[in-house]
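Chemist: pasted the sequence and its predicted model underneath.
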Amino acid sequence: MEYGRPPAGTRVYAIGDIHGRADLLDSMLALVAADARGSAASRKIAVFMGDYVDRGPDSRGVIERLLQFNIPGIEPIYLKGNHEAMMLTFLDRPWETGPGWVWNGGATAMASYGVSCNSDDLGPLAMIDLARALDRALPDSHLEFLTRTVLSWDEGGLMFVHAGIRPGVPLLLQDPHDLMWIRDEFLAWEAPHERFVIHGHSITPEPEIRANRIGIDTGAWKSGRLTALVLEGDERRFLHTDGPPC
């Protein structure tokens with residue numbers, strides 16, 4: 001296992017945070033499909049980095065497209081982001097977490113399922129009513145998709161995770177909350193980790209390449225720029241959409 005490389009014969013596409021931009025996802029899937037046709041790799045995987053929902057206008061469409069993923073020869077892997085976690089927690093305990101999720105883009109996610117939210121009333125009873133309405137509107141397949149997303153994915157000398165890892169903590173002992181939420185402590189760490197980390201979560205105008213990590217959240221929901229990192233052997237390159245800002 002070589003630090004920072006996928007296994008021999010494997011090409012990896014890591015797709016950054018989508019946040020309800022089904023239009024950009026369509027464009028990226030077309031780019032990935034075209035790119036993959038030129039690869040002789042015996043194994044190809046697409047790792048989606050989480051944060052499929054919220055903020056952008058079509059969370060429902062994003063999940064539906066991911067459920068229908070069918071690029072020949074490519075295996076999809078779906079990570080869990082903090083926004084999927086917030087959505088699931090809202091369905092379970094809306095009186096505790098509802099207002100925070102609504103203000104972090106949950107209102108647009110619910111709207112994509114036909115559930116309207118009055119942001120002037122975020123009290124416990126209103127949150128319970130909203131959660132019940134979303135539960136009725138959410139297709140079973142979408143709920144199953146959200147619940148079966150994974151916290152991380154190892155591929156050779158690479159670790160794919162939504163937000164990052166806690167520096168100095170063995171990978172097997174990482175807190176799931178950190179994997180979905182960590183920011184400053186991880187971003188500032190310059191020493192090598194157990195594996196080279198690919199992550200989203202923290203927005204930068206361009207992919208952020210460091211000695212121990214690469215960040216690929218380019219703020220697609222507002223910038224129109226969804227990024228995919230392509231890894232094969234020593235090769236590192238990027239695919240980008242060029243869509244309208246939100």
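Modeler: The structure has been received and is ready for your questions. Numbers count the residues shown, from 1 in each chain.

Chemist: quick one: secondary structure of residue 154?
Modeler: strand (DSSP: H, G, I helix; E, B strand; the rest coil).

Chemist: wait, it touches residue 195, no?
Modeler: Yes: contact status for residue 154 versus residue 195: in contact at 6.6 Å, counting by C-beta atoms under 8 Å. The way it works is simple: take the backbone N, C-alpha and C, and place the C-beta from them, glycine included.

Chemist: these two - which one has more neighbours?
Modeler: Neighbours per residue (other C-beta atoms under 10 Å) separate residue 154 from residue 195, with residue 195 holding more: 22 against 13.

Chemist: helix, strand or coil for residue 107?
Modeler: Put simply, residue 107 is helix when judged by three-state DSSP.

Chemist: list the buried residues for the helix or strand residue 143 falls within?
Modeler: Assigned by DSSP states H and E, residue 143 belongs to helix 140-148. Within helix 140-148, the residues that count as buried by 16 or more other C-beta atoms under 10 Å are 142-143, 145-146.

Chemist: hang on, the earlier thing: who touches both of residue 154 and residue 195?
Modeler: Any residue near both residue 154 and residue 195 by C-beta atoms under 8 Å, 6 or more residues apart in numbering counts here, and that gives residue 171.

Chemist: what does the helix or strand bottoming out on mean pLDDT in the chain rub up against?
Modeler: Lowest on mean pLDDT, DSSP states H and E among the helices and strands of the chain sits helix 94-101, with a mean of 92. Here helix 94-101 makes contact (C-beta under 8 Å, 6+ apart) with 54, 86-87, 89-90, 106, 122, 124, 126-128, 130-131.

Chemist: and the helix holding residue 143, what does it pack onto?
Modeler: helix 59-67, helix 82-92 (3 or more C-beta pairs under 8 Å, 6 or more residues apart in numbering; DSSP states H and E).

Chemist: could you dump those helices to TSV with mean neighbour count?
Modeler: Output for the helices and strands packed on helix 140-148, formatted as TSV (neighbours: other C-beta atoms under 10 Å):
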stretch	mean neighbour count
helix 59-67	21
helix 82-92	21
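
Chemist: out of those, which gets nearest to residue 4?
Modeler: helix 82-92 (25.2 Å; C-beta to C-beta).

Chemist: got the residue ranges for the strands in the chain?
Modeler: In the chain, the segments counted as strands under DSSP state E are 10-15, 43-48, 74-78, 152-155, 158-161, 196-199, 208-209, 213-215, 227-232, 235-240.

Chemist: adjacent strands (with direction) for the first one?
Modeler: Taking DSSP bridges as the criterion, strand 10-15 pairs within the sheet with strand 43-48 (parallel), strand 227-232 (antiparallel).

Chemist: want to throw these into TSV with mean neighbour count and distance to residue 58?
Modeler: Output for the strands paired with strand 10-15, formatted as TSV (neighbours: other C-beta atoms under 10 Å; distance: least, C-beta to C-beta, whole Å):
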stretch	mean neighbour count	distance to residue 58
strand 43-48	22	16
strand 227-232	22	19
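
Chemist: reformat those as CSV; add mean pLDDT.
Modeler: Below are these laid out as CSV (pLDDT from 0 to 100):
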stretch, mean pLDDT
strand 43-48, 98
strand 227-232, 98
